[in-house]
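[1] Got a predicted structure here, sequence first:
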Amino acid sequence: MEQKQKKSFFNRFLDFVEVGGNKLPHPVTLFVILSLIIIVISEVCVRAGVTVTYTGFNQKTKVVEEITLSAKSLMNAEGLRYIFDTMTPNFTGFAPLGTVLVAMIGVGVAEGTGLIQTVLKKMVMSTPKKLLTAVIVFAGIMSNIASDAGYVVLIPLGAIIFLSVGRHPIAGLAAAFAGVSGGFSANLLIGTIDPLLGGITTESAKIFAPNYFVPATANWYFMMFSTFVITILGTIITEKIVEPRLGTYKGTHDVENISELSDVEKKGLKWAGISLLLFLALMAYLTIPANAVFRVDGSLNKFMGNGLLVAIMFFFMIPGIVYGAITKSIKNDKDVANLMGNSLGTLGGYLALSFAAAQFIVYFSYTNLGTIVAVKGAAFLEATGFTGFPLIVGFIIVTAFINLFMGSASAKWAIMAPVFVPMFMKIGFTPEFTQAMYRIGDSCTNIISPLMSYFAFIVAYSQKFGKENGMGTLISTMLPFSICFLVAWSIILVIWYFLGLPIGPEIYPTMPIM
């Protein structure tokens, strides 16, 4: 008998998760069922008089105030009107939908002309195979500064790169997903989420200390250190746990032979690179100077949303067109338009999935069930009375659990921060350290939560490499990353706390005077 004889308990557990998960209905059907369940539960909660009161940061008024929320029903006249009136805008307003479609226009051109394949060829030939996994995980972590671009660009690229060197594409997809989403709170640079969370933490800290201010660099040192830890862990988990379990890829996608670049490919790559440098120079001119066009009141925050997405589209499209013109893979504007259409045409399954997922996520929010779960979970932790090590670990675990039901990092923090930041200040933790705890829990379960905005897209994309790949496959593949990241990151933060190391410039885990 082959090596299949003995499987560890952990591998048997992952097999159970995969088999059980894949026996669930099609993801579209599953989200429809979940939406119906939310509708019924909302009515039950209303009849039971479920309500929560908490001190929360109101993002509209920018003040901390007492908020009372009751469950809202979708089974009464108002709820039914809401279901029918919002079904279309729920779908068209589903944030990941526009992100995916716009990004895929540019990626489709670059892929259709052969540019991406050539770049991958060059990358594979230039990067030592031993470093390939680490490079993908690291790139995923760093992609967080580009908002959601990593989800729609790097995760598919991870699968393609692994396939091109004869490795299992789902392992490449998993490595990229682990970096992009599981490592969301690690980075060498300050991203858009840092000032957003810092603002909420500042307002919450003012409940206890009116003049307290939390800068965007509050967790910077810890984030930088975490970047290398998550890169190493992600690499080890991919190569020692995920890939061996997936085995040899036996799908229908051909493994591209890696051969030397032809002269025309080299020429195309050269001019594509020049066009990309010119585009980057233009973007630098439009963003870096203090009075740059894309700066509003000196800030790039507005551009970092939708504007950056368009820039990413052109980042792929412009060199793709140049490469195609040099190599003759495109001859006129009709070819470019066809490549765009072909790229969007592959997303039919994702569109159907987005329609169903959007309804479920909006219903969960409208009924206030997501907020109720978050507040009740926070109240449970507050009631335990833990301190020190148990408190740190307990808070991270509760945050990770709540993250399974409420995906938005800022929305969760707006509810939890006013409760926990002042409470933890009273026992000696700085607001910045509490924020670091929150960010660990918020990151680690992104990759196993079907409520994570891009989960549906990743499931749909994984099915390109095997129609049997469902939610169970993705969750069981990502579970080792989630568990290891949660355990290792928590241990590191506890060590950081006991050693009293700075988590940011002149910022420490404990309050100077208590």
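    Nice, I can see it. Residues are numbered from 1 along each chain as shown.
[2] For the rest of this, base every contact and every neighbour count on C-alpha atoms.
    OK.
[3] can you give me the helices for the stretch 101-250 of the chain?
    Listed in chain order, the helices of the stretch 101-250 of the chain (DSSP state H, counting those that start in this stretch) span 115-126, 129-142, 149, 155-164, 169-177, 193-205, 220-237, 243-246.
[4] just the stretch 351-500 of the chain next, same as before
    With DSSP H, counting those that start in this stretch as the criterion, the stretch 351-500 of the chain has helices spanning 369-384, 388-403, 409-426, 431-444, 455-462, 471-499.
[5] And these: which comes nearest G251?
    G251 lies closest, by C-alpha to C-alpha, to one member of those: helix 455-462, at 11.5 Å.
[6] Of all the residues in that closest one, which ones are buried?
    455-462 (16 or more other C-alpha atoms under 10 Å).
[7] Packing partners of that helix?
    Contacts defined by 3 or more C-alpha pairs under 8 Å, 6 or more residues apart in numbering; DSSP states H and E place helix 455-462 against helix 348-366.
[8] Show me what the helix it packs on is packed against.
    helix 27-48, helix 77-92, helix 455-462.
[9] Mean confidence (pLDDT) on the second one, please.
    The predicted model assigns helix 77-92 a mean pLDDT of 93.
[10] Check the longest one too.
    Summarised as a single mean, pLDDT over helix 27-48 is 88.
[11] Not counting its own residues, what contacts it?
    By C-alpha atoms under 8 Å, 6 or more residues apart in numbering, the residues outside helix 27-48 that reach it are 24, 70-75, 352-353, 356-357, 359-360, 363-364, 367, 369, 456, 470-471.
[12] Likewise for stretch 309-317?
    With C-alpha under 8 Å, 6+ apart as the test, stretch 309-317 has contacts from 99, 102-107, 109-110, 149, 276, 279.
[13] in it, what's buried?
    For stretch 309-317, by 16+ other C-alpha under 10 Å, it's 309, 311-317.
[14] Relative to L233, which of these is nearest.
    I312 (28.6 Å).
[15] name the element the closest one belongs to?
    Using DSSP states H and E, I312 maps to helix 308-327.
[16] quick revisit: using a markdown table, lay out the helices of the stretch 351-500 of the chain together with distance to S204 and mean pLDDT.
    Converted to a markdown table, the helices of the stretch 351-500 of the chain look like this (distance: least, C-alpha to C-alpha, whole Å; pLDDT from 0 to 100):
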| stretch | distance to S204 | mean pLDDT |
| --- | --- | --- |
| helix 369-384 | 15 | 71 |
| helix 388-403 | 17 | 86 |
| helix 409-426 | 5 | 76 |
| helix 431-444 | 8 | 94 |
| helix 455-462 | 31 | 86 |
| helix 471-499 | 21 | 93 |
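[17] Of those helices, which stretch is the most buried?
    Highest mean neighbour count of these: helix 431-444, a mean of 26 (counted as mean count of other C-alpha atoms under 10 Å).
[18] what distance separates that helix from the centre of its chain?
    Between the centre of helix 431-444 and the centre of its chain there are 15 Å (C-alpha atoms, centre = their mean, to the nearest Å).
[19] how far off helix 388-403 does it point, in degrees?
    Angle between the axes of helix 431-444 and helix 388-403 is 50 degrees (criterion: axes from the mean of the first three to the mean of the last three C-alpha atoms, to 10 degrees).
[20] Any of the contacts of helix 27-48 buried? List them.
    If we count by 16+ other C-alpha under 10 Å, those have these buried: 70-75, 353, 356-357, 359-360, 363-364, 367, 369, 456, 470-471.
[21] how near is F380 to M406?
    17 Å (C-alpha to C-alpha, to the nearest Å).
[22] ok, back up a step: of all the helices of the stretch 101-250 of the chain, which one comes closest to L486?
    helix 220-237 (10.4 Å).
[23] Can you tell me which of the contacts of stretch 309-317 is closest to T235?
    When these are ranked by distance to T235 (C-alpha to C-alpha), A149 comes first, at 21.2 Å.
[24] Just flag the most distant two among the buried residues of stretch 309-317.
    L309 and M317 (12.3 Å).
[25] pLDDT (mean, whole number) over stretch 325-335?
    On average, stretch 325-335 scores 91.
[26] List of residues touching it?
    Contacts with stretch 325-335, where a contact means C-alpha under 8 Å, 6+ apart, come from 113-114, 264-265, 267-268, 271, 321, 324, 336.
[27] how far does stretch 448-462 sit from the chain's center?
    Centre to centre, stretch against its chain (C-alpha atoms, centre = their mean), the figure for stretch 448-462 is 10 Å.
[28] how many other residues sit next to V362?
    18 (other C-alpha atoms under 10 Å).
[29] And for M87?
    16.
[30] Now I160. Nearest residue, chain neighbours left out?
    P169 (6.3 Å; C-alpha to C-alpha, 6 or more residues apart in numbering).
[31] surely the one you found meets P156?
    No - using C-alpha atoms under 8 Å, P169 is not in contact with P156; the gap is 9.1 Å.
[32] Next one: V52 from K72, what distance?
    Taken as C-alpha to C-alpha, the span from V52 to K72 is 12 Å.
[33] Then I491?
    As judged by C-alpha to C-alpha, I491 and K72 stand 40 Å apart.
[34] do the same with L404
    21 Å.
[35] Show me which positions of the following helix or strand past the helix holding I312 end up buried.
    Next helix or strand after helix 308-327 toward the C-terminus (DSSP H and E): helix 333-345. Judged by neighbour count using 16+ other C-alpha under 10 Å, the buried positions of helix 333-345 are 335-336, 339-340, 343-344.
[36] quick revisit: can I get the buried residues of helix 455-462 in a markdown table including distance to I237?
    Formatted as a markdown table, the buried residues of helix 455-462 follow (distance: C-alpha to C-alpha, whole Å):
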| residue | distance to I237 |
| --- | --- |
| F455 | 20 |
| A456 | 23 |
| F457 | 23 |
| I458 | 19 |
| V459 | 20 |
| A460 | 23 |
| Y461 | 21 |
| S462 | 19 |
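[37] would you say V64 is within a helix?
    No - counting by DSSP: H, G, I helix; E, B strand; the rest coil, V64 falls outside a helix, being strand.
[38] That one pairs with what?
    Beta bridges link V64 to F57, judged by DSSP bridges.
[39] Tell me how many other residues surround it.
    V64 has 21 nearby residues by other C-alpha under 10 Å.
[40] Ok, the one 5 residues further on next?
    Number of residues near L69 (other C-alpha under 10 Å) recorded here: 15.
[41] Now it: phi and psi?
    L69 adopts backbone torsions of phi -130, psi 140, taken as degrees, to the nearest 10.
[42] shouldn't it be in contact with S365?
    No - contact criterion C-alpha under 8 Å: L69 and S365 do not qualify, at 11.8 Å.
[43] list the contacts for the residue positioned nearest the centre of the chain?
    Most central in the chain under C-alpha atoms, centre = their mean is S181, positioned 3.4 Å from the mean C-alpha point. Going by C-alpha under 8 Å, 6+ apart, S181 touches 140-141, 151, 443-444, 446-447.
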